[in-house]
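# can't give you the sequence, but here's the structure:
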């Protein structure tokens, strides 16, 4: 593996991050040089310097090996999280070393969990940087680098193999350079439309932009301590639901729908399952909430349940209600949403509904095979036969996910947290959702966790964001042929 | 467009690359140094402010205590020792003004943090000053005379007045001034805590700059090793093999910049020698 090439590509990612830091400093400047101006400017300078150095020394490379591709993706994510801490650390306030690391990882992995007790105390420049980290994380740090990569063809393809989950890659029917165009076009377009809609519904420009960035990155960072509950506006909630639902759909399918191609959202079995799941779970939770008298009317119940279900499923983590106060049935269903999450190829994290759909089909076929041992039964999604390698990888992923969730739960429990807090915190970090239940509920935060648990949570977030194997592979690179 | 941006960073000369690298490191060093100076100056300024505030509080408390004791001393001489010299009357009157002034400044200072404490201090001082003013203007004597006219057997005199009325108020105000000192020092304690926090924060940018510099130096070392030292070592070995064993010069050595030209030239020389 050519380490210098990996460093060069990471350097390009750092240039993008530095550009966003500068943009945040500009926001700070527009707000009367608030207290975040100097930390952001300083961070931008240091990040740019780190990134420029390898660009000066290492020449452009056309070809990348798979190993180098993995190292670039995982390395970029880790380095982005490290430099993302700079503005927080220099600004101070509630940001100790571990808190800054937690907030940075939470942003870049689009988890949206926070350690801040008073988000509103943050200056606007820093709030914009926080939303930017979520937005950059949403599209994938590496995807940004790819847009400016002068090298064409194979190297791009190599990186997108790692960045997107294997299922998403199989669903794409475009050349790799088109993939980048799709991601940028759909992602930036969705963010812009959401911003305009939020603005026209009563939010200020700043709040509209940051919330749109956060919603499209399925991160869930809000500028308010009470999250979206602060606005208490059905129209704002409806816009965010729309943005989150779309951000949770395979971007290639969204692009195909916009450009009038055949493999659109109306024909996709995965999207149908996803939308169906959102509707059914929202209605069941609403009935449960209304039946138990949590909300006085069914309309209010469906408003809150649909927002929370979409927020959890798309791994956003915005909140309009304290879900800790909801019925046990609602909590269990929201936990199910936290595990399953949205579609592959979107900005959402977690297990992905594609894997669940295939796993269910594999189970059904297994039962059929026991009844008819000589039958040849294939597993199909959207009419495409899935090969055994993919099926095996999916089942392995599910097992790995469950194991990691259990390990996380045990670690939390070791620190004396109750089962609800331990399990929900573990799965919510692994799925990059953000809020869990118990002491890490939708109206609470991670501020009171001990430093070791905060670090464990960030590791779970990174493992989840890099589709488990992407992260684990990093430790076996030497023996990897 | 991106290719154009990439071109800006592409430098095709090793010497220029080295120059840029060294300039970056020097810039970072200067930057870290400047940051340290700036932050240290800020911390020094904050420390000075806290020390000034502490000194001012102590001086203020001293002024209040001095004025109060002066007044108490004058009242004792007049009421207990029955020495009604004009000197003590003047001392009592001047102490009333001094106490008023210092109490006003103290109240202004603590009003922001504790309005209740400021009100208590002012009320207590008003009580003491009112009693002292009454004594200095002869109002107390007039009241005692009136009492004696009503009841000729009464033994109530200025000594009793001092013990029953003035002394209690005096003790109360003295206690409040002590409390003021303690409170103002507590407030400064918060500032000191904030200062230690600020000092810690002041070190953070410098620390981050140093870490960045360390990473840059490590990268520089790594790039020097793979782009400069390694090719030179390989060329040297290959040239040695050519001279000693007449082995052909190694064409597989990967070089760039000026090293590539050198490799080509060595190759040409060795080829000519072989012919």
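Ah, there it is. Keep in mind that what you see is a predicted model, and the values were worked out from it rather than measured.
# give the helix, strand or coil label for residue A:378.
coil (DSSP: H, G, I helix; E, B strand; the rest coil).
# apart from its chain neighbours, what residue comes closest to it?
Spatial nearest neighbour of residue A:378, chain neighbours left out: residue A:385 (4.8 Å); criterion: C-beta to C-beta, 6 or more residues apart in numbering or on different chains. Heads up, the C-betas are built off the backbone N, CA and C, glycines and all.
# beta-bridge partners for the one you found, please?
For residue A:385, the beta-bridge assignment (DSSP bridges) gives partners residue A:380.
# now do it against chain B, distance only.
39 Å (C-beta to the nearest C-beta, to the nearest Å).
# need phi/psi at the residue of chain A most remote from its centre.
In chain A, counting by C-alpha atoms, centre = their mean, residue A:374 sits farthest out from the average C-alpha position, at 42.8 Å. Main-chain dihedrals, residue A:374, degrees, to the nearest 10: phi -90, psi 0.
# now it: how far from residue A:368?
Separation of residue A:374 from residue A:368 (C-beta to C-beta, to the nearest Å): 12 Å.
# likewise residue A:239?
Distance of residue A:239 to residue A:368, given as C-beta to C-beta: 44 Å.
# pLDDT below threshold where in the chain?
As the question left the chain open, I've gone with chain A. Within chain A, the ranges that satisfy pLDDT under 70 run A:62, A:141-181, A:477-481.
# my question was about chain B, not that one.
B:1-12, B:112-114, B:190, B:193-198, B:200, B:275.
# and the helices in it?
Per DSSP state H, chain B carries helices over the ranges B:2-9, B:14-75, B:86-111, B:115-136, B:139-150, B:158-161, B:167-224, B:230-245, B:257-274.
# need those in CSV (columns: mean neighbour count and distance to residue A:314).
Formatted as CSV, the helices of chain B follow (neighbours: other C-beta atoms under 10 Å in any protein chain shown; distance: least, C-beta to C-beta, whole Å):
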stretch, mean neighbour count, distance to residue A:314
helix B:2-9, 12, 31
helix B:14-75, 16, 42
helix B:86-111, 17, 52
helix B:115-136, 18, 50
helix B:139-150, 13, 82
helix B:158-161, 17, 82
helix B:167-224, 16, 34
helix B:230-245, 14, 50
helix B:257-274, 14, 50
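# could I get the ones you listed as a markdown table with distance to residue A:59?
Output for the helices of chain B, formatted as a markdown table (distance: least, C-beta to C-beta, whole Å):
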| stretch | distance to residue A:59 |
| --- | --- |
| helix B:2-9 | 10 |
| helix B:14-75 | 11 |
| helix B:86-111 | 66 |
| helix B:115-136 | 69 |
| helix B:139-150 | 99 |
| helix B:158-161 | 99 |
| helix B:167-224 | 11 |
| helix B:230-245 | 14 |
| helix B:257-274 | 10 |
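# and chain A, which residues reach chain B?
With the criterion set to C-beta under 8 Å from any C-beta of the partner chain, chain A comes near chain B through A:3-4, A:7, A:39, A:42, A:45-46, A:49-50, A:52-60, A:86, A:89-90, A:92, A:147-150.
# before we move on, the earlier item: dump the helices of chain B to TSV, plus distance to chain A.
As requested, the helices of chain B are exported to TSV (distance: least, C-beta to the nearest C-beta, whole Å):
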stretch	distance to chain A
helix B:2-9	4
helix B:14-75	6
helix B:86-111	25
helix B:115-136	24
helix B:139-150	56
helix B:158-161	56
helix B:167-224	4
helix B:230-245	12
helix B:257-274	10
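# about what we covered before: filter the residues of chain A next to chain B down to just the ones in helices.
When helices are assigned by DSSP H, the members of these inside them are A:3-4, A:7, A:39, A:42, A:45-46, A:49-50, A:52-57, A:86, A:89-90, A:147-148.
# and the helices of chain B: which comes nearest residue A:65?
The closest of the helices of chain B to residue A:65 is helix B:167-224. By C-beta to C-beta, the value is 19.2 Å.
# report all helices and strands that the closest one contacts.
helix A:3-30, helix A:37-57, helix A:66-91, helix B:14-75, helix B:86-111, helix B:115-136 (3 or more C-beta pairs under 8 Å, 6 or more residues apart in numbering or on different chains; DSSP states H and E).
# now render the ones you listed as JSON lines, adding distance to residue B:271.
Formatted as JSON lines, the helices and strands packed on helix B:167-224 follow (distance: least, C-beta to C-beta, whole Å):
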{"stretch": "helix A:3-30", "distance to residue B:271": "31"}
{"stretch": "helix A:37-57", "distance to residue B:271": "31"}
{"stretch": "helix A:66-91", "distance to residue B:271": "35"}
{"stretch": "helix B:14-75", "distance to residue B:271": "24"}
{"stretch": "helix B:86-111", "distance to residue B:271": "90"}
{"stretch": "helix B:115-136", "distance to residue B:271": "94"}
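# who wins for proximity to residue A:231 among the ones you listed?
Nearest to residue A:231 among the helices and strands packed on helix B:167-224 is helix A:3-30; the distance by C-beta to C-beta comes to 20.7 Å.
# quick one: contacts for residue B:192?
Residues near residue B:192 by C-beta atoms under 8 Å, 6 or more residues apart in numbering or on different chains: residue B:50.
# now swap in residue A:355 and tell me
Going by C-beta under 8 Å, 6+ apart, residue A:355 touches A:167, A:344, A:394, A:397-398.
# with residue A:96 instead?
Residue A:96 touches nothing, counting by C-beta under 8 Å, 6+ apart.
# for residue B:157, same thing?
residue B:144.
# how near is it to residue A:438?
For residue B:157 relative to residue A:438 (C-beta to C-beta), the value is 74 Å.
# just residue B:264 next, same as before
70 Å.
# also residue A:112?
Distance of residue A:112 to residue A:438, given as C-beta to C-beta: 17 Å.
# the more surrounded of the two?
residue A:112 (30 against 18; other C-beta atoms under 10 Å in any protein chain shown).
# can I assume the more buried one is in contact with residue A:213?
No. Using C-beta atoms under 8 Å, residue A:112 is not in contact with residue A:213, being 11.7 Å away.
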